[in-house]
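**Student:** I would like to see how this sequence folds:
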Amino acid sequence: MKALLVTLVANTLLAACTEAPRDTASQSSGVVAEAPSAGDVRDGMAWVPSGTYLMGSEDATWARPDEGPAHIVDVDGFWMDVTEVTVAQFAEFVEATGYLTTAERPTRWEDLAAQLPPGTPKPGPEAFEPGALVFTAPSGTNGLSDVGQWWNWTPGASWRAPEGPGSSLDGRDDEPVVQVSWDDAIAYCEWAGKRLPTEAEWEWAARGGLDAPTYPWGNERIDTGDVKANSWQGRFPVRNDARDGFPGVAPVASFAPNGYGLHDMAGNVWEWCADFYRHDAYATAARDNPQGPATSLDPAEPHIPKRVQRGGSFLCHDGYCSGYRVTARMKTSPDTGLSHAGFRCVRDE
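**Tutor:** Purely as a prediction, here's the structure:
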């Protein structure tokens with residue numbers, strides 16, 4: 001729950017590829033339209049072809065338990081936004097609909113209490129003010145297990161003021177919108193006539209047609225060679241050397257796309273997926289276009305339903321989360337806003 005401060009998201013934040021494009025075409029007045037090819041771009045969306053791949057990972061070096069077991073998945077083709085939804089695009093939606101995001105609304109105690117362990121005392125009044133979680137680099141840390149050392153509940157933080165009161169969107173139209181909850185992302189998708197990707201679609205798209213890559217660009221480590229994505233360089237979370245040119249969120253498409261023409265499938269901001277999160281979801285996942293589990297379960301916080309996020313963010317580092325790997329998963333309550341999380345949309349043929 002957004003108003004439970006850092007405690008409710010602590011565990012959240014710790015956190016054979018065969019391309020086979022479908023042969024489909026539509027008819028209008030007897031004219032057969034040409035079927036899209038992998039990477040075709042129309043109206044800001046790239047075509048991701050159908051295919052079969054081994055989803056997840058059991059790599060002992062990197063993979064966390066919830067990334068396995070690896071399992072075969074068949075995915076139909078779909079269109080995906082070339083970039084994350086930007087501030088300008090989200091502003092257009094809000095202007096057209098008058099929509100108020102989760103972070104801009106006060107929290108009710110009844111809603112909060114439903115997600116807390118029995119007997120949890122009612123928090124202070126600041127927990128019920130509109131706001132969201134904001135990353136602030138500390139001067140030092142006592143280990144990396146307590147994310148409260150760098151994540152702070154910030155009243156007044158929202159997509160309009162991503163870092164809290166005093167911050168603004170001036171000059172940031174091309175950045176991905178952040179501080180949007182899963183519920184906010186769903187509302188935008190419905191307005192745009194699109195939807196959120198399933199987790200299986202997202203991972204397939206991130207691979208960009210490569211055979212079992214570790215990252216969207218292949219297998220070369222993120223800190224080797226040319227800069228590949230917006231991530232944390234330096235000592236997390238104290239010092240970001242910003243070798244990639246961006247100490248925080250970068251404008252979309254600041255880095256080269258993957259093989260399907262999709263930018264920022266690694267780093268920059270985490271992206272919401274449609275699926276509920278379960279730590280054991282892959283053990284019983286369907287093969288054909290899996291939609292994710294019917295319910296959520298995170299053993300670390302069993303009272304809080306969560307949704308999946310993918311792709312990592314500018315805060316990811318090999319010494320902490322390596323979230324920019326194509327198989328890496330994160331889980332977050334659907335009403336949570338974060339200064340390093342956004343989304344992109346998909347639509348069917």
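
**Student:** Show me the beta-bridge partners of the residue sitting nearest the centre point of the chain.
**Tutor:** Centroid-nearest residue in the chain: Glu271, 1.6 Å away (criterion: C-alpha atoms, centre = their mean). Beta-bridge pairing of Glu271, defined through DSSP bridges, involves Arg310, Gly342.

**Student:** In contact with it, which residues?
**Tutor:** Glu271 makes contact with Glu84, Trp202, Gln309, Arg310, Gly311, Ala341, Gly342, Phe343, Arg344, according to C-beta atoms under 8 Å, 6 or more residues apart in numbering. To be clear about C-beta, it is placed using only N, CA and C from the backbone, and glycine gets the same treatment.

**Student:** which residue ranges form the helices in the stretch 101-250 of the chain?
**Tutor:** 109-113, 182-192, 199-207 (DSSP state H, counting those that start in this stretch).

**Student:** could you give me the average pLDDT of the shortest one?
**Tutor:** Taken as a whole, helix 109-113 has an average pLDDT of 64.

**Student:** same deal with the longest one?
**Tutor:** Confidence for helix 182-192, expressed as mean pLDDT, is 98.

**Student:** Which elements pack onto that helix?
**Tutor:** Applying 3 or more C-beta pairs under 8 Å, 6 or more residues apart in numbering; DSSP states H and E, we find helix 182-192 packed against helix 87-97.

**Student:** For Glu129, which non-adjacent residue is spatially closest?
**Tutor:** Spatial nearest neighbour of Glu129, excluding adjacent residues (C-beta to C-beta, 6 or more residues apart in numbering): Pro155 at 4.1 Å.

**Student:** Tell me if I'm right that the one you found and Phe128 touch.
**Tutor:** No: if you go by C-beta atoms under 8 Å, Pro155 and Phe128 don't touch, sitting 9.4 Å apart.

**Student:** My read is that Lys331 contacts Pro305, right?
**Tutor:** No: counting by C-beta under 8 Å, Lys331 sits too far from Pro305 to count as a contact (9.7 Å).

**Student:** Mutual contacts of those two, please.
**Tutor:** By C-beta under 8 Å, 6+ apart, Lys331 and Pro305 have these common neighbours: Ser296.

**Student:** and these two? which has more neighbours close in?
**Tutor:** Lys331 (26 against 18; other C-beta atoms under 10 Å).

**Student:** Quick check: bridge partners of that one?
**Tutor:** Beta-bridge pairing of Lys331 under DSSP bridges involves Val308.

**Student:** State the pLDDT value of it.
**Tutor:** The model reports Lys331 with a pLDDT of 97.

**Student:** And it, how far from Ala242?
**Tutor:** 28 Å (C-beta to C-beta, to the nearest Å).

**Student:** what's the answer for Glu92, then?
**Tutor:** Taken as C-beta to C-beta, the span from Glu92 to Ala242 is 30 Å.

**Student:** what does Ser139 give?
**Tutor:** 18 Å.

**Student:** Between the two, which has more neighbouring residues?
**Tutor:** Ala242 (14 against 7).

**Student:** Just the CA trace of stretch 41-57, in CSV.
**Tutor:** In CSV, the C-alpha atoms belonging to stretch 41-57 read as follows (Å, rounded to 0.1, in the frame of the first residue of the first chain):
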residue,chain,number,x,y,z
VAL,A,41,7.2,0.5,-36.6
ARG,A,42,3.7,2.0,-37.0
ASP,A,43,2.2,4.8,-34.9
GLY,A,44,5.0,4.6,-32.4
MET,A,45,4.7,0.8,-31.9
ALA,A,46,7.0,-1.9,-33.1
TRP,A,47,5.9,-5.3,-34.2
VAL,A,48,7.0,-8.2,-32.0
PRO,A,49,6.5,-11.5,-33.9
SER,A,50,5.1,-14.7,-32.5
GLY,A,51,7.5,-17.3,-31.3
THR,A,52,8.5,-20.0,-28.8
TYR,A,53,11.2,-19.5,-26.2
LEU,A,54,12.5,-20.7,-22.8
MET,A,55,11.2,-18.2,-20.3
GLY,A,56,12.9,-17.6,-17.1
SER,A,57,16.4,-18.6,-15.9
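
**Student:** Run through this structure and note the low-pLDDT ranges.
**Tutor:** Residues of the chain meeting the criterion pLDDT under 70: 1-33, 109-116.

**Student:** same thing but at 50, please
**Tutor:** Along the chain, the model assigns pLDDT under 50 to residues 1-32.

**Student:** give the contact list for the residue nearest to Glu84 when sequence neighbours are not counted.
**Tutor:** Distances taken as C-beta to C-beta, 6+ apart place Pro176 nearest to Glu84, at 3.7 Å, with adjacent residues excluded. Counting by C-beta under 8 Å, 6+ apart, Pro176 touches Thr83, Glu84, Val85, Thr86, Val87, Val249, Val252, Asp264, Asn268, Val269, Gly342.

**Student:** before we move on, what about Tyr99?
**Tutor:** Contacts of Tyr99 by C-beta under 8 Å, 6+ apart are Phe93, Asp184, Ala187, Tyr188, Trp191.

**Student:** repeat that with 10 Å
**Tutor:** By C-beta atoms under 10 Å, 6 or more residues apart in numbering, Tyr99 lies in contact with Phe90, Phe93, Asp184, Ala187, Tyr188, Trp191.

**Student:** hang on, the earlier thing: tell me which of the helices of the stretch 101-250 of the chain is the most buried.
**Tutor:** helix 199-207 (a mean of 26; mean count of other C-beta atoms under 10 Å).
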